[in-house]
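Undergrad: Sequence first, predicted model second:
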Amino acid sequence: HNGSNRILSVLKFNMSSIRANATITSATLILRMNSGSGTTTHTLSVYPLLKNWVESAVTWNRYISTTNWQTGGADGATDRETTSIGSRSFVSGETAGFKAVPLDLAAIQSYVNGTRTNNGWLLKMDVESGFLKEFASSDSTTAANRPQLVVEYTLPEEEPDWVNKEYAYEDEDHIHAVTS
């Protein structure tokens, strides 16, 4: 938050449980909008951050307790990428509830396969004054209202464990050794 009622929204998801050889087929950020104001339609965009921020220390001006963003609000060229990886429009009078933000599959794939560093994301409205959307955070007392990343993926078909291995077994009459 800065002195002009502009709020910095950053978040990060751990994607390490998705195997690096997975193929991403769908990726959606789910946000719980608690309330909102404004009289026109505006767009929320998701920008990959370039700096590894610390949740307990991040502010409008700092990404860690001792170091400033290049520009307040993580808006500098060394703070975030300039191309968003997802966006969603919010219309005037839109009611509270869960809101889905579709994400770019190639971007999520790059996090999973390790070609892009996961420093989290900046959520940024195209207009930052006179228009407010309040979303539940990771601190929400209702766990179901916290931001969620829903990723669907497929894994390549793998050969059975016994292929290209040697093993032995025995039955009543023989000992067998099998090599493939």
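TA: Done, it's in.
Undergrad: Contact partners for Leu149?
TA: By Cβ atoms under 8 Å, 6 or more residues apart in numbering, the residues touching Leu149 are 13, 15, 27-30. Using the backbone N, CA and C atoms, a C-beta is placed for each residue, glycine as well.
Undergrad: Among those residues, which one sits closest to Ser56?
TA: Proximity of the contacts of Leu149 to Ser56, judged by Cβ to Cβ, is greatest for Phe13, which lies at 17.5 Å.
Undergrad: where does the closest one fall, phi/psi-wise?
TA: Backbone torsions for Phe13, taken as degrees, to the nearest 10, come to phi -120, psi 140.
Undergrad: Kindly indicate whether the residue nearest to it when sequence neighbours are not counted is helix, strand or coil.
TA: Nearest non-adjacent residue to Phe13, counting by Cβ to Cβ, 6 or more residues apart in numbering: Leu149, 4.2 Å away. Following DSSP: H, G, I helix; E, B strand; the rest coil, we place Leu149 in the strand state.
Undergrad: how about the contacts of Leu149 in JSON lines, adding distance to Ser89, secondary structure and neighbour count?
TA: As requested, the contacts of Leu149 are exported to JSON lines (distance: Cβ to Cβ, whole Å; DSSP: H, G, I helix; E, B strand; the rest coil; neighbours: other Cβ atoms under 10 Å):
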{"residue": "Phe13", "distance to Ser89": "23", "secondary structure": "coil", "neighbour count": "16"}
{"residue": "Met15", "distance to Ser89": "26", "secondary structure": "coil", "neighbour count": "15"}
{"residue": "Ala27", "distance to Ser89": "18", "secondary structure": "strand", "neighbour count": "24"}
{"residue": "Thr28", "distance to Ser89": "15", "secondary structure": "strand", "neighbour count": "16"}
{"residue": "Leu29", "distance to Ser89": "14", "secondary structure": "strand", "neighbour count": "22"}
{"residue": "Ile30", "distance to Ser89": "16", "secondary structure": "strand", "neighbour count": "14"}
